[in-house]
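K.L.:
Fold the following, please.
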Amino acid sequence: MSRAHPLAWAALGLGMVFLYGPILLLVVYSFNASRLVTVWAGFSTRWYAGLLDNGPLVESALVTLKVALASAGLATMLGTLAALALDGRRRFPGRPLLTGLVYAPMVMPEVITGLSLLLLFVGLGIPRGFWTIVIAHATFTLCFVAVVVQARLRHLDRSLLEAAADLGAAPVTVFRTVTLPLIAPAVIAGFLLAFTLSMDDLVIASFVSGPGATTLPMRLYSQVRLGVTPEINAISTLLIGAVSLAVLGASVLTARRGR
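P.N.:
Sure thing, here's the model as predicted:
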């Protein structure tokens, strides 16, 4: 096996520093005792305690959490059903078209997705608010759930399903007792991935949000334009931690699924 050239390792190291250096710097300065975000004055957790007194940030964080849970649940249900319908062993008219429609949000720019959903809600007379963000995020993330679940379905042992059917189990019973337990790690991983994408979204939510439905990324973006404060560093660190845990959980479940 050939060993990597030192220049390759140097390029990799520079790339990692470029990607994660700013994030690490943000986390470090969230524990800065000074209100000046560019001057280090010692270690302190005062800004994390001060978050509880920042009503708008706390409210936006709660809205983001509710939206992420609701949209991830909806996306997981629809994405799993889409993966089952698009399973490679199923053939029906219009399957290529349905496949393209399901996976289109994955490659479509978020600006186009947000604008399209905005025009849809306006045309239908639906007031923008919490539920429009939930629907928009579910529309955006269900394709990612479908990809994860469909990958598990490709490696599913069909003899187990056939054995359950031969023993007289109805299709619903086969799905509930055999298929669903086998694909459960992929379903959970898809949920965590959809949850992470929803929490991180700014562009789509900016198009479809309304009064009383300001998500945390939207709140942070509006405040950063007026200047970075230690509270923003602290809440951003908590958001990074939550997203990292969700991604780590999805990775662990995916690895277990592979084994």
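
K.L.:
contacts, neighbours, all on C-alpha from now
P.N.:
Noted.

K.L.:
I figured residue 246 hits residue 191, correct?
P.N.:
No: between residue 246 and residue 191 there is no contact under Cα atoms under 8 Å: 9.3 Å.

K.L.:
Between those two, which has more neighbouring residues?
P.N.:
Of the pair residue 246 and residue 191, residue 191 is the one with more neighbours under other Cα atoms under 10 Å, namely 30 against 20.

K.L.:
ok, and what's touching the host helix or strand of that one?
P.N.:
Taking DSSP states H and E as the definition, one finds residue 191 inside helix 180-200. With contact meaning Cα atoms under 8 Å, 6 or more residues apart in numbering, helix 180-200 is reached by 64-65, 67-69, 71-73, 75-76, 80, 137-138, 141-142, 144-146, 148-149, 152-153, 156, 216-217, 243, 246-247, 249-251, 253-254, 256-257.

K.L.:
Could I get the average pLDDT for that helix?
P.N.:
The pLDDT scores in helix 180-200 average 87.

K.L.:
How far does the helix or strand just after it sit from its chain's centre?
P.N.:
Later in the chain than helix 180-200, the nearest helix or strand by DSSP H and E is helix 203-208. On the basis of Cα atoms, centre = their mean, to the nearest Å, helix 203-208 sits 15 Å off its chain's mean C-alpha point.

K.L.:
Also stretch 64-83?
P.N.:
With Cα atoms, centre = their mean, you get 10 Å for stretch 64-83.

K.L.:
what pLDDT, on average, does that stretch get?
P.N.:
93.

K.L.:
for stretch 7-20, same thing?
P.N.:
Stretch 7-20 carries an average pLDDT of 85.

K.L.:
Also stretch 99-106?
P.N.:
Stretch 99-106 shows a mean pLDDT of 82.

K.L.:
what comes into contact with that stretch?
P.N.:
For stretch 99-106, contacts defined as Cα under 8 Å, 6+ apart pick out 82, 86, 113, 139, 140, 141, 142, 143, 144.

K.L.:
now these in CSV, with secondary structure and neighbour count?
P.N.:
Shown next, in CSV, are the contacts of stretch 99-106 (DSSP: H, G, I helix; E, B strand; the rest coil; neighbours: other Cα atoms under 10 Å):
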residue, secondary structure, neighbour count
82, helix, 21
86, coil, 20
113, helix, 18
139, helix, 20
140, helix, 26
141, helix, 28
142, helix, 31
143, helix, 27
144, helix, 22
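
K.L.:
Out of those residues, which two sit at the greatest distance?
P.N.:
Spanning the widest gap among these are 86 and 113, at 22.6 Å by Cα to Cα.

K.L.:
Helices along this protein, start to end?
P.N.:
In the chain, the helices defined using DSSP state H lie at 6-29, 46-50, 55-85, 95-107, 110-124, 130-154, 158-166, 171-174, 180-200, 203-208, 216-224, 230-258.
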